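[1] coordinates for the following, if possible.
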Amino acid sequence: MIYKNDEYKQNIIKMYNKFKAKSKVDYEDKYIDTKFGKTHILTAGNENSDSIIIFHGGNMINTNTLFWFDKLAEKYRIIAPDYLGHPGLSEEKVLNSNNDDYANWIVEIMDNFKLEKVNVIGPSFGGGVALNFAKYYPNKIEKMVLIAPSSIGNGSYLKMFSKLIFPMLKYKIKPSQENLYKSVYPMFLHNVDEDVLEVTSLIYQGVKIQNKMPKMISNKDLINFNSPVFLIACENDIFFPAKKIIPRAKKIFANLKRTKEIRNSGHSMNKDNLNLCIDEIISFLRN
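    Numbering: from 1, shown residues only. Here you go, the predicted model:
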């Protein structure tokens with residue numbers, strides 16, 4: 001079980017649906033059985049179009065970021081699974097992020113949708129999930145988009161502890177809006193949406209946080225992966241700064257088609273930067 005109690009679980013599900021309602025796209029709910037556990041998936045777009053699997057950030061609800069990609073549903077079929085063992089509607093069994101669990105789970109999702117190859121988008125933790133998939137199944141990816149991804153390069157652990165982890169622990173001990181905002185702001189570096197604050201508060205207080213990120217990808221891990229890659233990185237990302245991940249990406253990817261650095265941005269971009277990125281993602285996928 002990942003929830004402290006059922007009340008927290010139900011309140012997080014309410015926030016899940018609230019974020020879902022913000023979308024301009026009508027996402028349909030689908031459940032599939034996998035050997036790892038029952039998986040909830042949101043789908044949208046034309047079933048006959050090319051498919052994109054979108055992997056969301058870790059320890060956060062899928063719908064918190066999914067509406068970023070609404071525009072993609074005009075031309076593509078969106079498939080957005082909730083991780084097992086994270087807040088959301090999938091089963092509460094936690095996958096091992098350091099072996100092939102995630103990769104095999106993705107293949108089961110693809111098999112359910114009768115997909116041989118697929119485009120993938122991975123922000124943050126989702127980038128590490130996409131890279132894990134590329135490691136074990138390099139020929140199943142059509143194109144890959146990574147947005148401030150894990151598993152390529154990390155920021156200062158001391159800075160992460162002082163700016164994020166310590167304030168989060170302080171908030172859990174002494175909940176207040178001030179402490180909550182201090183624990184979240186370093187990820188954004190801009191005004192934080194009230195709904196984001198609310199769901200973050202619920203997760204901090206009511207969910208067993210998954211601390212293990214997907215394993216850092218090695219140069220050898222992607223030796224057979226040749227699909228086109230578009231990497232978007234943020235200059236002031238406290239987790240995965242552009243200055244760390246862009247140079248390394250140039251070494252580990254055989255077919256890095258584009259890189260984009262978002263200046264003066266934290267880990268989570270503002271709406272203007274997101275809109276620019278979506279247009280470039282569409283261009284990358286089309287060409």
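[2] any chance you could map the strands in the stretch 51-200 of the chain?
    51-54, 77-81, 118-123, 141-147 (DSSP state E, counting those that start in this stretch).
[3] next helix or strand past the helix or strand encompassing residue 250?
    Using DSSP states H and E, residue 250 sits in helix 242-252. Scanning forward in sequence from helix 242-252 by DSSP H and E, the next helix or strand is strand 256-262.
[4] list the buried ones in the very next helix or strand once past that next one?
    Toward the C-terminus, strand 256-262 is succeeded by helix 271-286 as the next helix or strand (DSSP H and E). The neighbour-count check on helix 271-286 (16 or more other CB atoms under 10 Å) flags 273, 274, 277, 281, 284, 285 as buried. (Glycine included, C-beta is placed from N, CA and C.)
[5] same question, stretch 99-118
    With the criterion 16+ other CB under 10 Å, stretch 99-118 contains buried residues 100-107, 109-110, 113, 115, 118.
[6] again, but for stretch 193-202
    196, 197, 198, 199, 200, 201, 202.
[7] pLDDT averaged over the host helix or strand of the last one, what's the number?
    Yep, that's residue 202 we're talking about. Taking DSSP H and E as the definition, residue 202 sits inside helix 194-206. The predicted model assigns helix 194-206 a mean pLDDT of 95.
[8] dump it to PDB, restricted to CA.
    Only the C-alpha atoms of helix 194-206 are listed here, as PDB (Å, rounded to 0.1, in the frame of the first residue of the first chain):
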ATOM      1  CA  GLU A 194      -2.900  26.400  -6.300                       C
ATOM      2  CA  ASP A 195      -4.100  23.000  -7.500                       C
ATOM      3  CA  VAL A 196      -0.500  21.900  -7.800                       C
ATOM      4  CA  LEU A 197       0.100  23.000  -4.300                       C
ATOM      5  CA  GLU A 198      -2.900  21.200  -3.100                       C
ATOM      6  CA  VAL A 199      -2.100  17.800  -4.700                       C
ATOM      7  CA  THR A 200       1.500  18.200  -3.700                       C
ATOM      8  CA  SER A 201       0.400  18.700  -0.100                       C
ATOM      9  CA  LEU A 202      -1.800  15.600  -0.200                       C
ATOM     10  CA  ILE A 203       1.100  13.500  -1.700                       C
ATOM     11  CA  TYR A 204       3.700  14.800   0.800                       C
ATOM     12  CA  GLN A 205       1.400  13.900   3.700                       C
ATOM     13  CA  GLY A 206      -0.500  10.900   2.500                       C
END
